[in-house]
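Trainee: Provided below are the primary sequence and the corresponding predicted coordinates.
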Amino acid sequence: MKNRIAVYPGSFDPVTYGHLDIIDRAAKIFDHVIVSVFVHSAKKHMFTMEERVAMLRTALKDKKNVSVDCFEGLLVDFVKKKKTSVVIRGLRAISDLEYEFQIAAVNRTLYPDVETVFFMPRQRYTYLSSSVVRDIAHFKGDVSKLVPPHVARAIAGRKK
Ligand code: ADP
């Protein structure tokens, strides 16, 4: 296999155990994984881009072949800038497929060399999303089983 770099893009608002599960799987297969926080103007944010990057870096500090970056713009432009063509996405359920299929097809139209590779998380994370975490946090619920401890502390800190 060639020296392979893969980009894992997302909002990561905030990073959850579901994202970390996907990153673990990808890091076993690819030589280097670049986790990249993307800004979606349409989405309401809980954490700033800098906070999301910092939380990811803390969560991934022991992973030697994973780095964290951020980007404002088209995914295909970021992928080209990183001199790769591989995009990683997670599939929780069939309901993710339609959206992911569309994004992958659009990216391929913009950059024909791009390959989107999908990973399935372990079953216990298939219901987990950042928006579930944000909803629970909004009502001051316990998120400790869904996100790493430093993320749970950051969420608790926001409520004060
Ligand atoms: P969310 O949908 O939670 O806001 P992101 O935009 O950060 O997440 O998603 C980045 C990628 O990670 C997407 O491909 C999404 O499907 C995937 N993902 C998010 N949560 C999980 C999870 N619990 N298990 C597997 N993949 C996930």
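Mentor: Alright, I've got the coordinates. Numbers count the residues shown, from 1 in each chain.

Trainee: so the closest residue to residue 116 other than its chain neighbours: helix, strand or coil?
Mentor: With C-beta to C-beta, 6 or more residues apart in numbering as the criterion, residue 116 has its nearest non-adjacent residue at 4.0 Å, and that residue is residue 104. (Each C-beta comes from the backbone N, C-alpha and C, glycine too.) For residue 104, the assignment made with DSSP: H, G, I helix; E, B strand; the rest coil gives helix.

Trainee: so which residues on this protein come close to the ligand?
Mentor: Counting by C-beta under 6 Å from any ligand atom, the residues of the chain lying close to the ligand are 10-12, 16, 18-19, 22, 89-90, 92, 96, 121, 125, 128-131.

Trainee: now, those residues that are in strands?
Mentor: Judged by DSSP state E, the subset of the residues of the chain next to the ligand located in strands is 10, 89, 90.

Trainee: just among those, which is most surrounded?
Mentor: Per-residue neighbour counts (other C-beta atoms under 10 Å) across those peak at residue 90, which has 23 neighbours.

Trainee: so how far is residue 110 from the residue nearest to that one when sequence neighbours are not counted?
Mentor: Residue nearest to residue 90 in three dimensions, not counting chain neighbours: residue 22, with 4.2 Å by C-beta to C-beta, 6+ apart. Distance of residue 22 to residue 110, computed by C-beta to C-beta, to the nearest Å: 23 Å.
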